[in-house]
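Undergrad: quick one, fold the following:
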Amino acid sequence: MSISLNSQTKKALVEILKFSLENPYSDFYRRKYAPLKLKHINEDNIGNIFVSLPLLTKDDLLASPPFDRIFTKIHSPYVISSTSGTTGKGPVIIFINTPSETAEGQLTWGKINAQCGLFLFPPGVQWQLLTTMIRAFPVYIGNPYQMKETAEIASRIKIDTIATTPTALQHFLIFLEPAYDISKIKHILFRGEPLSKAQQTFFRNKFPNAIFNLLYGMREAGQIGVQCDVLSMREEPIYHLRSDKFFIEILPAENEEAGELVLTHLRKDPTLLIRYRTGDLGWFLRDEKCSCELNFPLFKLFGRNRRETIHAGGVVFEAETFNVILKDFLENIQNNFEAHFYQRLIQDKIQYDIVVRVIPKGSVNEMLKIRLEESLNNRLRISNRFSFSELIRQDLFSPIKVEFADPDTQIYKMPLLYKLVSHF
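TA: Below is the predicted model of the structure:
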């Protein structure tokens, strides 16, 4: 098996692979690739060699001490960061170079004539984005845990640009709207989570004069995809791949339209990723050309290739939290389920719905449905201190509904299948 590569990519992959194997600071990839006995790597055989390399996963990174995965000499411009750890496996600690070239920021911010920007992310993350912003215009670093105070300061300095997540902006608007004329916001950059159709409609109504710009990135790797002015106007999850920094493969996935994105660094970063499974689904738009000046290929994101966790309404749901409750009903239902998540735009707010589909043993029983719904709504916990009933009281979520699925449904033919499905 081989893959088709242009000469520039072949050269970059050969350099990165040799760099990883001959590295004086870390033997991480030497140990990982030892069974392959790699020799004589060159541009003629890199296509065959590259696809033979085992895929890299988050579990691989977690199993190795952080300082054993540094591939360059430690020096002061490094920043230590980490992933969120919301998958339940813990955070991955990474080392990242401080961006030095101004082109990093110009790709996204170069044409924005901003007066003052607001940076509203949890502390310790998205620092690369902040670095590129402050090169272009003054930036106020807001406190996501002090929304009212942040809104007051943002109104006094007359912000016209915001960089944040869709969920954070939903909550921030509660405080910003009474304090500031939000029609003055002319640019919003979203990163950290996908922008759903319901959120897009909601924010378009709120910010009629703003351009929405989506960034695609990972804390493990940084900014992977960018939107130019042309793509921003389309308001779709279509990006230019930073092919000067990354090589992306598409692995086949369950969905016929998309595959999982597998990422490889093309630069000698301190935390080097080779064939890293991102968990994101997407595909290349090979037949489309963008009219902008960026000579980067286009790709479109589809969603996550993950079934055990899901982000909704600013909180993380895990499949096991549903299973803890449903297992008490195994006399009446089969040992598998799907929890489907939906968004609805209701007047001036976004509300979330959850529908849990189970397979009954025997005939459908309306009383069983009522008991299941009562247990899920009253006993489901988001954390040790926070229950789902609190989200209902805050009117962020409607009560969970239960549906009985047909036992012959294809998805339930696998035993012990617990699946969370996003319809955002």
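
Undergrad: show me the contacts for Ser92.
TA: Heads up, residue 92 is Val, not Ser. Neighbouring residues of Val92 by CB atoms under 8 Å, 6 or more residues apart in numbering: 58, 61-62, 82-83, 219-220. C-beta coordinates here come from the backbone N, C-alpha and C atoms, glycine included.

Undergrad: what about the helices in the stretch 201-350 of the chain?
TA: 229-234, 319-326 (DSSP state H, counting those that start in this stretch).

Undergrad: make a markdown table out of those helices and add distance to Ser155, mean neighbour count and mean pLDDT.
TA: Shown next, in a markdown table, are the helices of the stretch 201-350 of the chain (distance: least, CB to CB, whole Å; neighbours: other CB atoms under 10 Å; pLDDT from 0 to 100):
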| stretch | distance to Ser155 | mean neighbour count | mean pLDDT |
| --- | --- | --- | --- |
| helix 229-234 | 25 | 16 | 84 |
| helix 319-326 | 39 | 17 | 88 |
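
Undergrad: please pick the buried ones from the contacts of Val92.
TA: For these, a burial check counting by 16 or more other CB atoms under 10 Å picks out 58, 61-62, 83, 219-220.

Undergrad: any weak-confidence spans in this protein?
TA: Low-confidence segments of the chain, defined by pLDDT under 70: 1-3, 75-77, 84-90, 98-112, 123-128, 253-257, 304-308, 407-418.

Undergrad: tell me how far the spatially most central residue of it lies from Ile211.
TA: Note on the chain: the residue nearest the mean C-alpha position is Glu193, at 4.9 Å, using CA atoms, centre = their mean. Separation of Glu193 from Ile211 (CB to CB, to the nearest Å) stands at 19 Å.

Undergrad: go on, His171?
TA: His171 is 22 Å from Ile211, by CB to CB.

Undergrad: for Glu390, same thing?
TA: 36 Å.

Undergrad: looking at those two, which is more packed in?
TA: Shown here are Glu390 and Ile211; by other CB atoms under 10 Å, Ile211 has more neighbours (17 against 14).

Undergrad: quick check: beta-bridge partners of the more buried one?
TA: Legend: beta-bridge partners of Ile211 under DSSP bridges are His187.

Undergrad: list the contacts for it?
TA: Neighbouring residues of Ile211 by CB under 8 Å, 6+ apart: 186-188, 229, 232-233.

Undergrad: of those residues, closest to Ile382?
TA: Closest approach to Ile382 among these (CB to CB): Ile188, at 27.5 Å.

Undergrad: I figured the closest one hits Asn209, correct?
TA: No - between Ile188 and Asn209 there is no contact under CB atoms under 8 Å: 10.6 Å.

Undergrad: pretty sure the residue nearest to the centre of the chain sits against Thr165.
TA: Yes - in this structure Glu193 lies within contact range of Thr165 using CB under 8 Å: 5.1 Å.

Undergrad: domains in the protein, by residue range?
TA: Domain assignment for the chain by automatic domain parsing gives 80-87+93-304, 309-422.

Undergrad: most tightly surrounded among the ones you listed?
TA: domain 80-87+93-304 (a mean of 17; mean count of other CB atoms under 10 Å).

Undergrad: please report how far the nearest residue to Asp395 once chain neighbours are set aside lies from Thr165.
TA: Take Asp395 and drop its neighbours on the chain: the residue closest to it by CB to CB, 6 or more residues apart in numbering is Gln351, 7.0 Å away. For Gln351, the distance to Thr165 equals 18 Å [CB to CB].

Undergrad: if Tyr352 is in a bridge, with which residues?
TA: Beta-bridge pairing for Tyr352 (DSSP bridges): Gln343, Phe397.

Undergrad: can you add distance to Thr309 and give the helices of the stretch 201-350 of the chain back as a markdown table?
TA: Converted to a markdown table, the helices of the stretch 201-350 of the chain look like this (distance: least, CB to CB, whole Å):
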| stretch | distance to Thr309 |
| --- | --- |
| helix 229-234 | 29 |
| helix 319-326 | 7 |
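
Undergrad: who wins for proximity to Arg31 among those?
TA: Nearest of the helices of the stretch 201-350 of the chain (CB to CB): helix 319-326, 32.3 Å.

Undergrad: and the closest one, what does it pack against?
TA: strand 333-346, strand 349-360, helix 366-379, strand 418-422 (3 or more CB pairs under 8 Å, 6 or more residues apart in numbering; DSSP states H and E).

Undergrad: and of the buried ones among the contacts of Val92, the nearest to Gln347?
TA: Of all these, Gln347 sits closest to Arg219, with 35.1 Å by CB to CB.

Undergrad: was I right about the closest one contacting Thr83?
TA: Yes - counting by CB under 8 Å, Thr83 is a contact partner of Arg219 at 4.8 Å.

Undergrad: identify the contacts common to those two.
TA: Common contacts of Arg219 and Thr83 (CB under 8 Å, 6+ apart): 92, 94.

Undergrad: do a quick rundown of the strands in the stretch 101-250 of the chain.
TA: With strands called from DSSP state E, counting those that start in this stretch, the stretch 101-250 of the chain shows them at 117-120, 139-141, 161-164, 187-190, 211-214, 216-218, 222-226, 238-241, 246-252.

Undergrad: dump the ones you listed to TSV, plus distance to Gln334.
TA: Output for those, formatted as TSV (distance: least, CB to CB, whole Å):
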stretch	distance to Gln334
strand 117-120	44
strand 139-141	50
strand 161-164	42
strand 187-190	39
strand 211-214	40
strand 216-218	36
strand 222-226	40
strand 238-241	40
strand 246-252	29
